[in-house]
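**Student:** need coordinates for the below:
(2 chains)
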Number of protein chains: 2
Amino acid sequence: MGDYNQLVVLDHIRRARESVSRVELAAVTGLSVQTISNVVGRLLELGLVEEGARQIAGRGKPRTLLHLRPGAGYALGAHIDPVSVTTVLLDLAGTVVDRSVVPTPDGSDAVVEAIAAEVARMRTLVPDGEVVGLGVAAPGPIDPEAGRVIHPPLMPSWGDVPLRDRMADATGLPTLLEKDVAAAMVAELWQRSTDRGGTTLFVYLGFGIGFAFAREGEVLSGSSRNAGEIGHLIVDADGPECFCGHRGCLGVSVALDRLVGEAVDGGVVPADTPRTTPTELDAAMARLAAAAEDGVGGAVAILERAGRRLARGIVIVTDLIDADSVVVGGANWERLAPYLTSAARLEFAGHATMRELHGVGVDGSAVGLWVGAVGAASRVLDAAFTPHASLLVAHPTGS
Amino acid sequence: MGDYNQLVVLDHIRRARESVSRVELAAVTGLSVQTISNVVGRLLELGLVEEGARQIAGRGKPRTLLHLRPGAGYALGAHIDPVSVTTVLLDLAGTVVDRSVVPTPDGSDAVVEAIAAEVARMRTLVPDGEVVGLGVAAPGPIDPEAGRVIHPPLMPSWGDVPLRDRMADATGLPTLLEKDVAAAMVAELWQRSTDRGGTTLFVYLGFGIGFAFAREGEVLSGSSRNAGEIGHLIVDADGPECFCGHRGCLGVSVALDRLVGEAVDGGVVPADTPRTTPTELDAAMARLAAAAEDGVGGAVAILERAGRRLARGIVIVTDLIDADSVVVGGANWERLAPYLTSAARLEFAGHATMRELHGVGVDGSAVGLWVGAVGAASRVLDAAFTPHASLLVAHPTGS
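**Tutor:** A predicted model of the protein is given here:
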């Protein structure tokens, strides 16, 4: 990808999101206007950047604005969840060009095959050779150096899977592996890049629950890129028993099988509601949320309690890391949003240590259901087009 | 402090801890050897840096090694704890030149006076005008912009105190305010600067308990520099009631008044043991720890339970931030160390999500009881001699 200055300039154009002028690039990079002009010349030749409108600022010479040529490069992203596998094709500007969702097949072999099929289809949509790589977001824990998923509690049949190399072999693309919630937060931050200050807590409510953190727009992913394990945070001393031996752990308190079980016990959903597989549980959870929305008292009570427990966990962690904003996403966010939002407001007002110092906003995801896959693809673009490119990308065997 | 390159070079010499050559400085800063030579020339003239031994490497010209002139600058640091106020004088190389500990007087006026008296005494030890500033480490929450301590739960009589400006007025020194546990972690990281990789959790066991985090040697202090509030993390669903309305919060589970109360109830310390003030509680805690060391069963049981609860909290947060090392310090660390260390080993082996991926070392503080004050003084040196100097330093009124 050429020299360091070239990557610095390209990265600034990419992150600016709006068009920028050569003079602005010189100001933010600290490089001379002459160096910027040379580098931009090369980027124009390579077709990575395009000139757009001319900006007239005061009496000076009009400035030609630069932006990325979106079609100059693409990345693929896949997000593996127990319920569904989402795949997206992202262009260099971060726009989703294509997307698909399929139910998660059984076992890691079938998942690899399903993603490879989607990848092959999406690659036909863009010129040959313009896909930079594939990012895979998977439930943790992951071993980032070996590219393995290691006994993910959410995928009990998986064991220890060399997912990165298997995806690279199946697709022929350079592949990186990221923990699901970290990938999702990357996408959120990209979407909110105009507002990157402060410390943010990201709460992912998918089939499972995970947290992620960022400071000034950068995800803090921990020593082995596994930050965000939160399942055993105790949020209610009177909560349900957890397999870990404690009571009231966050994971078990808001787990779909528990909430659906409470709904069955309370007669809110029929006793014969199928609830064995993740897909069945997801469908049953949708019925519970619909009943609550219809005002069924028992359903509201179940989700209110889940919202309170989750709010308690959010406030504990917000205080711990001194976050000034909380973003919540994932398939279960919309279902829990009304109950979680009001519970969080009460919990912050009543119990947060920082309540005298600063408020904490709680927002829904700006990316929506594709957030994990978009984040995984964004990481590929970061790795390809950012200075200090990560070494995470594994090339397929034999290439 | 002169220009940016000068600060960059000085900072590298300071952080290198060992002597460095001009060639090494060029390599780490990315500046040319000619620029380095010019900057070093100025630093030698200013007396901030000294030339030392000559290093013979291979057949090349011997290299003259550079190091800071320790007496070229000093910083003062004070750490306010409910039991004692610690003050240190630090030279530019980070060596403690003088130190003192006094029992914490009642009320913030008396504390400001006590620190000002120590500061005045220590300033007589070094040439006039060579003290760069004063750093104050105080229990949180703090308002860093206003320099205020806001209703610190550990100092109930304090209310809302403009501590930074009052210390600046009382001493005539530029003053900065830092949260106690963040300051302590700065000192730990400085002491361990040869090993700055990874993600570290710092656990401060003083009169109260606080956590802090660092990534690659930098403290992650959150959106308002208040990260580390951990008192209401639930660590035992069967634990004691907390004033917050929950049960088994970490703060109340390992609070000195609770542990001493258990010791009185269990007949481990006499029923008439004074235990009203922080100082009395600290003395009673020392008796409890001594009894446990003597093998008194009731005392051992109390500290083992506290160790288990604390270990539980440490493992929850280690998993959450994916830390690869834990450092514990503060006046109560030595008293709890044997019980906490074995409990933490068991908890990590049995419950940590990362246990299959990487071990987590648990170490005692490398700085010891002065850690908070040393950290506050280090922050002053950072602010004075580091590029991107913080704006935290408040100058005394009228200067």
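
**Student:** where along the stretch 151-300 of chain A do the helices fall?
**Tutor:** Per DSSP state H, counting those that start in this stretch, the stretch 151-300 of chain A has helices spanning A:163-171, A:180-191, A:250-253, A:256-265, A:278-293, A:297-321. These are given in chain order.

**Student:** give me the mean pLDDT for the shortest one.
**Tutor:** Averaging pLDDT along helix A:250-253 yields 95.

**Student:** dump it to PDB, keeping only the CA atoms.
**Tutor:** Once non-C-alpha atoms are left out, helix A:250-253 reads as follows in PDB (Å, rounded to 0.1, in the frame of the first residue of the first chain):
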ATOM      1  CA  LEU A 250     -26.000 -10.900  34.700                       C
ATOM      2  CA  GLY A 251     -25.700 -13.600  32.000                       C
ATOM      3  CA  VAL A 252     -28.200 -16.000  33.600                       C
ATOM      4  CA  SER A 253     -30.400 -13.100  34.700                       C
END
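
**Student:** near chain B at all, it?
**Tutor:** No. Counting by CB under 8 Å from any CB of the partner chain, chain B has no neighbours in helix A:250-253; the shortest distance is 10.0 Å. The way it works is simple: take the backbone N, C-alpha and C, and place the C-beta from them, glycine included.

**Student:** now that helix: how far from the chain's centre is it?
**Tutor:** Centroid separation between helix A:250-253 and its chain, computed with CA atoms, centre = their mean, to the nearest Å, is 21 Å.

**Student:** same question, the fourth one
**Tutor:** The chain centroid and the centroid of helix A:256-265 are separated by 27 Å, computed with CA atoms, centre = their mean.

**Student:** then the fifth one?
**Tutor:** When C-alpha coordinates are averaged (CA atoms, centre = their mean), helix A:278-293 and its chain have centres 23 Å apart.

**Student:** name the surrounding residues that touch the helix or strand of chain A with the lowest mean pLDDT.
**Tutor:** Among the secondary structure pieces of chain A, namely its helices and strands, helix A:4-16 has the lowest mean (mean pLDDT, DSSP states H and E), a mean of 79. Identification of contacts with helix A:4-16 by CB atoms under 8 Å, 6 or more residues apart in numbering or on different chains yields A:1, A:20, A:24-25, A:28-29, A:31, A:35-36, A:39-40, A:42-43, A:48-49, A:66-68, A:92-93, A:193, A:381, A:385-387, A:389.

**Student:** out of the residues you listed, which are buried?
**Tutor:** The neighbour-count test (16 or more other CB atoms under 10 Å in any protein chain shown) marks A:20, A:24-25, A:29, A:31, A:36, A:39-40, A:42-43, A:48-49, A:66-68, A:92-93, A:381, A:385-386 as buried among the contacts of helix A:4-16.

**Student:** restricted to helices, list the residues you listed.
**Tutor:** Here DSSP state H is the test, and these give A:Glu24, A:Leu25, A:Thr29, A:Ile36, A:Val39, A:Val40, A:Arg42, A:Leu43, A:Leu381, A:Phe385 as lying in helices.

**Student:** and for the fifth one, nearest residue in space, chain neighbours not counted?
**Tutor:** Going back to what we said before, that points to A:Val39. Taking CB to CB, 6 or more residues apart in numbering or on different chains as the measure, A:Val39 lies nearest to A:Val9, with 4.7 Å between them; neighbours along the chain are not counted.

**Student:** ok, now how distant is that neighbour from B:Ala337?
**Tutor:** Relative to B:Ala337, A:Val9 is positioned 53 Å away (CB to CB, to the nearest Å).

**Student:** the more surrounded of these two?
**Tutor:** In this view A:Val9 and B:Ala337 are compared by other CB atoms under 10 Å in any protein chain shown, and A:Val9 has more residues nearby, 28 against 17.

**Student:** OK, contacts around the residue positioned nearest the centre of chain A?
**Tutor:** Ranked by distance to the mean C-alpha position of chain A (CA atoms, centre = their mean), the top residue is A:Ala184 at 0.4 Å. If you count contacts by CB under 8 Å, 6+ apart, A:Ala184 has them with A:His79, A:Ala137, A:Phe202, A:Tyr204, A:Ala212, A:Gly329, A:Gly330, A:Ser365, A:Val367, A:Val371, A:Gly372, A:Gly375.

**Student:** OK, contacts around the last one?
**Tutor:** It stands for A:Gly375. Neighbours of A:Gly375 in contact, by CB under 8 Å, 6+ apart: A:77, A:79, A:135, A:137, A:178, A:182-188, A:190, A:367.

**Student:** list buried residues within the residues you listed.
**Tutor:** Buried residues within the contacts of A:Gly375, counting neighbours by 16+ other CB under 10 Å: A:77, A:79, A:135, A:137, A:178, A:182-188, A:190, A:367.

**Student:** spell out which residues of the stretch 101-250 of chain A are next to chain B.
**Tutor:** Proximity of the stretch 101-250 of chain A to chain B (CB under 8 Å from any CB) is limited to residues A:140-141, A:143, A:150-151, A:198-199, A:211, A:213, A:215, A:220-235, A:237-239, A:244, A:246-248.
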